[in-house]
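Novice: mind looking at a prediction? Sequence and model below.
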Amino acid sequence: MEQNWTFEELEAIQIMMDKYKYSHADLQTIYNLYNRVFKTNEQISSCGKCNANKLKALKRFYEQQRTNQ
């Protein structure tokens, strides 16, 4: 998995962690980060649970990377 986060990506994921609702642009950011980190080609879904799972996976990965540094 990719471990080199850019400043913009770190800032974006930190902002996403604190939000309650997500716009289409927010979801695009989440999926772009998810696809880069996990080397997939997922598309934005209308499934709320699917979107939440992507964000949770990014949060876990982000926290893991923070504790490893």
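Specialist: Yep, that arrived.
Novice: list the contacts of the lengthiest helix in the chain.
Specialist: Ranked by residue count and defined by DSSP state H, the top helix of the chain is helix 48-68. For helix 48-68, the external contacting residues (CB atoms under 8 Å, 6 or more residues apart in numbering) are 1, 3, 5, 10, 13, 16-17, 22, 27, 30-31, 33-34, 37-38, 42, 44-45. Where C-beta positions appear, they are placed from N, C-alpha and C, glycine not excepted.
Novice: okay, buried residues for that helix please.
Specialist: 51, 54-55, 58, 61-62, 65 (16 or more other CB atoms under 10 Å).
Novice: what is the burial count for Ala25?
Specialist: 8 (other CB atoms under 10 Å).
Novice: host element of it?
Specialist: helix 24-38 (DSSP states H and E).
Novice: the longest helix of the chain: how far from the chain's middle?
Specialist: 6 Å (CA atoms, centre = their mean, to the nearest Å).
Novice: need the contact list for Leu27.
Specialist: Contacts of Leu27 by CB under 8 Å, 6+ apart are 44, 51.
Novice: same thing but 6 Å
Specialist: Ile44 (CB atoms under 6 Å, 6 or more residues apart in numbering).
Novice: again with the one 4 residues further on
Specialist: When the contact criterion is CB under 6 Å, 6+ apart, the partners of Tyr31 are 42, 44.
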